[in-house]
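Novice: Build me a structure from this.
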Amino acid sequence: MGFIFSKAMNENMKNQQEFMVTHADLQLERQLTLQNEMRERLMAMQIAWSREFLKYFGTFFGIAAFSLTSGAIKRKKPAFLVPIVPLGFIFAYQYDLGYGTLLQRMKGEAENVLDTEKSKLQLPKGTITFESLEKARKEQSQFFTDK
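Specialist: Numbers count the residues shown, from 1 in each chain. All right, here's what the predicted structure looks like:
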């Protein structure tokens, strides 16, 4: 009688463990999908912001370039054209970010850093561990209880 009962218990426990593993895998997959979705949305917002900024800055740059060029011609002072150079660099950067290949180049460079320069990615004092978190938590709680 005890053998039948323990066999059923073992089988039930095995089924429960399989369910827990499957559930944990599903939860991890959902979490990874959520993080990727959030990352994609943030990147889309960055691109949209850059494109919107480009509209306003492009208008400003066009008016400034026209005004400075006409001022340089009327007054015969080429020094009026100097501000166009840095403004042109800013305009080119924003255009490249919004409509060009800047993000793909940045991604490629980031992959290169991850592959070849791992030492530059290490945190100060190494990776955070449970023990270091507990130590910091205890020190902080002592700080608040001492006052």
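
Novice: what packs against the longest helix along the chain?
Specialist: Criterion DSSP state H: the longest helix present in the chain is helix 2-75. Packing partners of helix 2-75 (3 or more CB pairs under 8 Å, 6 or more residues apart in numbering; DSSP states H and E): helix 84-99. (Each C-beta comes from the backbone N, C-alpha and C, glycine too.)

Novice: can I get the CA coordinates of the helix it packs on in CSV?
Specialist: Written as CSV, here are the backbone C-alpha positions of helix 84-99 (Å, rounded to 0.1, in the frame of the first residue of the first chain):
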residue,chain,number,x,y,z
ILE,A,84,28.2,77.7,-41.4
VAL,A,85,31.0,75.1,-41.0
PRO,A,86,30.2,73.9,-37.4
LEU,A,87,26.4,74.2,-38.1
GLY,A,88,27.0,72.1,-41.2
PHE,A,89,28.7,69.4,-39.2
ILE,A,90,25.8,69.3,-36.7
PHE,A,91,23.3,69.1,-39.6
ALA,A,92,25.2,66.3,-41.2
TYR,A,93,25.4,64.3,-38.0
GLN,A,94,21.6,64.7,-37.3
TYR,A,95,20.8,63.7,-40.9
ASP,A,96,23.0,60.7,-40.6
LEU,A,97,21.4,59.7,-37.3
GLY,A,98,17.9,60.1,-38.6
TYR,A,99,18.1,58.9,-42.2
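
Novice: Quick check: what element follows that helix along the chain?
Specialist: helix 102-116 (DSSP states H and E).

Novice: mind listing what's buried in that following helix?
Specialist: Leu102 (16 or more other CB atoms under 10 Å).

Novice: Pick out the residue nearest the middle of this structure.
Specialist: Arg39 (6.6 Å; CA atoms, centre = their mean).

Novice: what's near enough to touch that one?
Specialist: With contacts defined as CB atoms under 8 Å, 6 or more residues apart in numbering, Arg39 has no neighbours.

Novice: And it, how far from Ala110?
Specialist: According to CB to CB, to the nearest Å, Arg39 stands 13 Å off from Ala110.

Novice: Please apply the same query to Phe61.
Specialist: Distance from Phe61 to Ala110, by CB to CB: 29 Å.
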